[in-house]
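**Q** this is the structure alone, sequence omitted:
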């Protein structure tokens, strides 16, 4: 730790002390709920691992996203229920054809050094994120936003200055798209779209994200960062809505081991931690006010390899469907995982905004009916007496292993299928899967934005994430049409029906976020499906 | 003597070079790469990243550039995993942490290990011996991945005396648990080696002669038996010391110390090529150095080697 950062840390601590004293003296109450606030407004939580980056342009993981939503503020924010609310932008309008968005920015948004946040800061940030020079692994998000020239800029064919984003003046930002995206405004809550401070980056280069150097525009500023140990942020006095912020300091501690994290939570060192797999029922019984399970925007599935040259027996849709039918999802969600996950018969997570789970016949059958149907399908495929052998591969993890063992047992008991389980270390697994060197493989997918296409686009034959290599022209057409449809739901229903019928993948369960929350911590946005939280939404009540 | 040291140091250079080349080849033959994830990057994005990190160059050129940068500028390159950090940053931040808890673990393991071993040997087959052997076997069979969570549960959750993790710049209360967890199994090994070595020495002719001459027992142990007893202990201590100061992934994982040990394992999983190389070279150089130190200590203790 350098002298400077020690000084910063000490200053921060004394600032917090002063702040807390003020709270204690005034017996402050929450402006909306009227609850008495605790004198200590510090929030400490566990992160699994150090984030690869806390630069909005190059950040790539969701834990980094949590930190960045505190440090920076994008055009739009998410309310506790996940709906869009103004951020730096107060409003936006889109052209009739949906190809041009115009955002109007507030004039009182400030950087932590006092500078005004302008439309130019966004233009700079987006062009930087797409530039080949920065080589951000998340530059694909700019492509996903369908910004004009995004692919060309990333490929280096066009200069970043040609990207479809322009600051008309300090408070007006114009964005040009190549196709209308009904959920475009949603995407401006993502960290890749956050503004960055050009002068700071030019002055410090790669070191600009270090404490003391970083200038940010969110409700908090970075005060201390010890990689693999902790990251501390304290309130940003320059933030335009600082008066509404209650939590004074936020600390994320890196604790790799979830059992140790739970022990430290129980010892009072943490306000939030993850529940280790299988422990939710016990913790819920012991700490009913603290153990919480809410839907999380990810789906767990098995994929079949449908490439030419892949094992012959799984090219038969009847076999695939039978294998899907024979999996008793409820046993997996209730007995194996037991953390509030939901059995899945659709790929799209049931809680996705605007998505109504279509009526997939399999979902309303009993498991006996499913098993009977599975046996019939296997008989049709010529495996009436068993004899099918399947290789199932997953990445090394205790919970993936438990699910795989349960599934292989179900396949054996119901269909007489012999399954060979294999686990592979993560990188080896990814390579095998993308090279099509597998028969059945585990998959997991998390939403990039809260709309069904974030899941279903994987079924597009041209998708880079379609590891099954499922090709269905009708599905491609339905998905393309859904992009511009006023009501895409019928298209999504049809795609889900195709998934159930052709079974390129077997949806198994929809994730849940299973965590422990300290009883005095309030304001957690449990209704936010992507679990995108902002520390400034939180507060601690006096006990 | 000086010639010997210089010769050994000269041999270290080609050894390190071979280590670099071998690790480089092994690393590149492992499947996957630093930028693979469960959502594969579009080819144009991947191309930019590979160009930025020089991965688009031919293999021989990558390795030549690497060796050149390391030897001429001591530049181990940027981390592929952690975007705004270089390998030098990572080592500069993590190694002092590891060095601190490794050093204290070493001091404790040696002090208690040798005392326990000697005590057990000179009071062979008494309650003292049984207790010492019991403790050392207990500490040995309790691996530190069991020990660490138990320590945290006991001292943090039940007693509330010590923080359950973190480093805070090496404040004493943050150091105790990691040191205890790391020191125990080394202490147990040292105690066992010391005990059996001491027993062997006590049965040799020159000790019997000393006893026959009627020397006091204390003098026999300290002046005559101690030096030969320590020979096998020393050969264990060299690699053990390197093992301790280059850290333990388990200590870093359980106690969130931010030390270098975890990078050794994580960088391999993440295919963070530059970090793997940097830490391999660091550990390799330290191993060579401390093996030399051990050899010099040998010569100092045992005149048979010196002459």
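**A** Now that the structure is in, tell me what you want to look at. Remember, it's a predicted structure, so these values are computed and weren't measured experimentally.
**Q** let me see the contact set for residue 130.
**A** Reading this off chain A. By C-beta atoms under 8 Å, 6 or more residues apart in numbering or on different chains, residue A:130 lies in contact with A:136, A:139, A:142, A:147, A:150, A:153, A:154, A:160, A:163. Glycine gets a C-beta too; all of them are placed from N, C-alpha and C.
**Q** that's the wrong chain, I meant chain B
**A** By C-beta under 8 Å, 6+ apart, residue B:130 has no neighbours at all.
**Q** what about it, distance to chain A?
**A** Computed as C-beta to the nearest C-beta, to the nearest Å, the residue B:130 to chain A distance reads 33 Å.
**Q** what about whichever residue of chain B sits closest to chain A, how many residues nearby?
**A** When scored by C-beta to the nearest C-beta, chain B has residue B:32 as its residue closest to chain A, at 2.7 Å. Counted with other C-beta atoms under 10 Å in any protein chain shown, residues neighbouring residue B:32 total 19.
**Q** what's the closest non-adjacent residue to the residue of chain A at minimum distance from chain B?
**A** The nearest approach of chain A to chain B comes at residue A:427, 2.7 Å away (C-beta to the nearest C-beta). Leaving aside its chain neighbours, residue A:427 sits nearest to residue B:32 (2.7 Å; criterion: C-beta to C-beta, 6 or more residues apart in numbering or on different chains).
**Q** did I read that right, the one you found in a strand?
**A** No: assessed with DSSP: H, G, I helix; E, B strand; the rest coil, residue B:32 is coil; it does not lie in a strand.
**Q** I'd say it and residue A:432 touch.
**A** No: checked against C-beta atoms under 8 Å, the pair residue B:32 and residue A:432 is beyond contact range at 9.3 Å.
**Q** tell me the mean pLDDT over stretch B:55-70?
**A** Regarding stretch B:55-70, the rounded mean pLDDT is 90.
**Q** how about that stretch: buried residues?
**A** B:55, B:62, B:63, B:66, B:70 (16 or more other C-beta atoms under 10 Å in any protein chain shown).
**Q** residue B:174: which of these is nearest?
**A** residue B:70 (33.1 Å; C-beta to C-beta).
**Q** returning to what we had before: just the contacts of residue A:130 that are near chain B?
**A** A:136, A:139, A:154 (C-beta under 8 Å from any C-beta of the partner chain).
**Q** residues in contact with the closest residue to the first one other than its chain neighbours?
**A** This means residue A:136. Nearest non-adjacent residue to residue A:136, counting by C-beta to C-beta, 6+ apart: residue A:58, 4.5 Å away. Contacts for residue A:58 (C-beta under 8 Å, 6+ apart) come out as A:52, A:129, A:134, A:136, A:137, A:138, B:83, B:84.
**Q** if I read this right, the first one contacts residue A:61, doesn't it?
**A** If I follow you right, that is residue A:52. Yes: Residue A:52 lies in contact with residue A:61 (C-beta under 8 Å); the separation is 6.3 Å.
**Q** residues making contact with the helix or strand hosting residue B:229?
**A** Here residue B:229, judged by DSSP states H and E, is contained in helix B:226-245. Helix B:226-245 has contacts (C-beta under 8 Å, 6+ apart) with B:98-99, B:102-103, B:105-106, B:109-110, B:114, B:117-118, B:182, B:186, B:189-190, B:193-194, B:197-198, B:201, B:204, B:283, B:286-287, B:290-291, B:293-294, B:297-298, B:301-302.
**Q** give the next helix or strand downstream of that helix.
**A** Helix B:226-245 is succeeded, C-terminally, by helix B:249-255 (DSSP H and E).
**Q** would you mark the buried spots in that following helix?
**A** Quick answer for helix B:249-255 (16+ other C-beta under 10 Å): B:249, B:250, B:251, B:252, B:253, B:254, B:255.
**Q** near chain A too, which of those?
**A** Within the buried residues of helix B:249-255, those near chain A by C-beta under 8 Å from any C-beta are B:252, B:253, B:254.
**Q** state the distance from the residue nearest to the first one when sequence neighbours are not counted to residue B:272.
**A** Spelled out, that is residue B:252. Using C-beta to C-beta, 6+ apart and skipping the chain neighbours, the partner closest in space to residue B:252 is residue B:262 (3.8 Å). Noted for residue B:262: a distance of 12 Å to residue B:272, by C-beta to C-beta, to the nearest Å.
**Q** can you tell me the element residue A:102 falls in?
**A** Assessed by DSSP H and E, residue A:102 sits inside strand A:100-105.
**Q** any idea how far that strand is from the middle of the chain?
**A** Distance of strand A:100-105 from its chain centroid, counting by C-alpha atoms, centre = their mean, to the nearest Å, is 25 Å.
**Q** mind checking pLDDT for the spatially closest residue to residue A:371 that is not a sequence neighbour?
**A** The shortest distance from residue A:371 to any non-neighbouring residue, by C-beta to C-beta, 6+ apart, is to residue A:414 (4.9 Å). Reported pLDDT at residue A:414 in the predicted model: 93.
**Q** also residue A:359?
**A** So residue A:359 comes in at 91 (pLDDT).
**Q** which element is residue A:167 on?
**A** strand A:165-169.
**Q** paired strands for that strand, with orientation please.
**A** Strand A:165-169 sits in its sheet next to strand A:172-176 (antiparallel), going by DSSP bridges.
**Q** ok, and for the helix or strand following the strand it pairs with, which residues are buried?
**A** As assigned by DSSP H and E, the chain's next helix or strand after strand A:172-176 is helix A:184-187. Buried residues in helix A:184-187, defined by neighbour count with 16+ other C-beta under 10 Å: A:184, A:185, A:186, A:187.
**Q** then stretch A:150-167?
**A** A:150, A:151, A:153, A:154, A:155, A:158, A:160, A:163, A:164, A:165, A:167.
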